[in-house]
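In: starting from these lines, generate the structure:
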Amino acid sequence: MKHATRTLLQCTAHAVRSALALAAAAALAGAPLAARADPQGLLETVKHHTTLINTVPDNGDQNPYAIFVAPVSSGSVKEGDVLVDNFNNAANLQGTGSTIVDYHPDTKQMTLFATIPRDLKECPGGVGLSTAMTMLKSGWVIVGSTPSNDGTTNTKGAGCMIVLDSSGKIAKVISSPNINDPWGNMAVVDNGDQATLFVSNAGFGVGGADGNPPVFKQATVLRLDLDLQSGQAPVLKSETVVASGFGAQADKGVFLVGPTGLALSADDKLLYVSDAIGNRINVIEDPLTRDTSAGVGRQLTADGLLHRPLAMITTPQGHLLVTNALNGQVVEIDPAAAKQLYARWIDTDKAQTPPGNGDLFGIALTPAGDGFYYVEDDVNTLVLAK
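Out: Alright, predicted model coming up:
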């Protein structure tokens, strides 16, 4: 009886070992399949970084900031063109750039889209084109100004929003007490005959950058609702502060540090804000319909791979891509899971420490959603990651 029991145990052990071996073999056989699984995010699919053009126009403007891909062909702009504006003039003074250039992917050439007078009287403080820029389906281009007279915040003005036609000519200027240094890339809902713009304003309370400038928790996100009639310049129907209390600070190196990136969820029910001072991404609920400020909203994710988050876009998967100001990385975030997925180096210039520090500003998705454009402002170039 003991012998029979031992034999049964031996057979059972052999069966278990065989099962484990088969499981291990199956796991190894399945490894290549796992490697070929669908990517978790957009950054995994990016294989190449191609420098497309030097963005400096004939007048010498530099420091490319905003990027926007044209949604339509209108005037001098073709659908798919990449508009890039400049924050600095030829003397490299911040808040004094006045040009928008147009990169044409079909010809791989660049043309000058607009030169805006530096002393534009309707714009408080003049002109220094910021990261706030969009082109609507109706062909109108709207760009923010965060101006300075000497390249520092000591002489900064409140700025404005400038409306240009599709040939680059000024149609109107929007200024109000709610607009004070429109700073970050805009989130936009464009229905053709109506459009809603979200823009951050980082100038409230901010003064000079000497010494150790204080942080003012007065930065806002402003909603601008526009009415668009055929052939007529956009009419501002209403303006609403939907978020407030974000930190902003004068800075000698980068002029201002404040909320920069704005992006909407696919259903437009959530507005994501990159809070550079707080080193976090926050969420504002019901941005299209709310009639009061949500304050700073709720925090989605903070720290980790984020190093002073700046410009931000939404990928076709619903993820967020955020450029870092303090290194040359872009970070991908899954907002549904409130999870930072990974960071990828897109600027490894070792002239800065860490590499790429201070080089990344604007970012824009390609029309096909298979890559993104970005600028390296230290060398004034537009780059395609795909």
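
In: how near is Tyr272 to Pro259?
Out: 11 Å (C-beta to C-beta, to the nearest Å). Where you see a C-beta, it was placed from the backbone N, CA and C, and this is true even at glycine.

In: next one: Met312
Out: Counting by C-beta to C-beta, the gap from Met312 to Pro259 is 10 Å.

In: the strands in the stretch 1-150 of the chain, which residues?
Out: In the stretch 1-150 of the chain, the strands defined using DSSP state E, counting those that start in this stretch lie at 49-54, 62-69, 82-88, 99-104, 109-115, 129-135, 141-145.

In: okay, those in a markdown table with mean pLDDT and mean neighbour count next?
Out: Putting the strands of the stretch 1-150 of the chain into a markdown table (pLDDT from 0 to 100; neighbours: other C-beta atoms under 10 Å) gives the following:
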| stretch | mean pLDDT | mean neighbour count |
| --- | --- | --- |
| strand 49-54 | 97 | 14 |
| strand 62-69 | 97 | 25 |
| strand 82-88 | 98 | 27 |
| strand 99-104 | 98 | 22 |
| strand 109-115 | 98 | 17 |
| strand 129-135 | 97 | 28 |
| strand 141-145 | 98 | 28 |
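
In: what's the closest of those to Asn154?
Out: Among the strands of the stretch 1-150 of the chain, the nearest to Asn154 by C-beta to C-beta is strand 82-88 (16.2 Å).

In: spit out the residues that contact Met312 and Pro259 alike.
Out: Ser274 (C-beta atoms under 8 Å, 6 or more residues apart in numbering).

In: compare these two (neighbour count), which wins?
Out: Pro259 (27 against 24; other C-beta atoms under 10 Å).

In: wait, the more buried one touches Leu222, no?
Out: No - using C-beta atoms under 8 Å, Pro259 is not in contact with Leu222; the gap is 11.1 Å.

In: shared neighbours, these two?
Out: Contacts common to Pro259 and Leu222, judged by C-beta under 8 Å, 6+ apart, are Ser200.

In: rewinding a little: including distance to Gly278, could the strands of the stretch 1-150 of the chain go into CSV?
Out: Below are those laid out as CSV (distance: least, C-beta to C-beta, whole Å):
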stretch, distance to Gly278
strand 49-54, 29
strand 62-69, 21
strand 82-88, 23
strand 99-104, 31
strand 109-115, 34
strand 129-135, 18
strand 141-145, 22
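
In: do a quick rundown of the strands in the stretch 151-300 of the chain.
Out: 160-164, 170-174, 187-190, 194-201, 216-227, 235-251, 255-257, 262-264, 270-275, 280-285, 298-302.

In: which strands or helices does the longest one pack on?
Out: Using 3 or more C-beta pairs under 8 Å, 6 or more residues apart in numbering; DSSP states H and E as the contact criterion, the neighbours of strand 235-251 among helices and strands are strand 216-227, strand 255-257, strand 270-275, strand 280-285.

In: over to the second one?
Out: Applying 3+ C-beta pairs under 8 Å, 6+ apart, we find strand 170-174 packed against strand 160-164.

In: how about the strand it packs on as CSV, C-alpha atoms only?
Out: C-alpha atoms of strand 160-164 as CSV (Å, rounded to 0.1, in the frame of the first residue of the first chain):
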residue,chain,number,x,y,z
CYS,A,160,-4.1,91.1,-26.1
MET,A,161,-5.5,88.7,-28.6
ILE,A,162,-4.9,89.6,-32.3
VAL,A,163,-7.2,88.4,-35.0
LEU,A,164,-5.7,88.1,-38.5
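
In: and it, which strands flank it?
Out: When pairing is defined by DSSP bridges, strand 160-164 lines up against strand 141-145 (antiparallel), strand 170-174 (antiparallel).

In: could you check the angle strand 99-104 makes with that strand?
Out: 50 degrees (axes from the mean of the first three to the mean of the last three C-alpha atoms, to 10 degrees).

In: how near is Ile170 to Leu136?
Out: From Ile170 to Leu136 the distance is 16 Å (C-beta to C-beta).

In: which one of the two has more residues nearby?
Out: A count of neighbours by other C-beta under 10 Å puts Leu136 above the other of Ile170 and Leu136, at 22 against 16.

In: for the helices and strands packed on strand 235-251, which one sits closest to Pro64?
Out: That would be strand 255-257 among the helices and strands packed on strand 235-251, by C-beta to C-beta, at 14.4 Å.

In: and that closest one, what does it pack onto?
Out: So strand 255-257, by 3+ C-beta pairs under 8 Å, 6+ apart, packs with strand 235-251.
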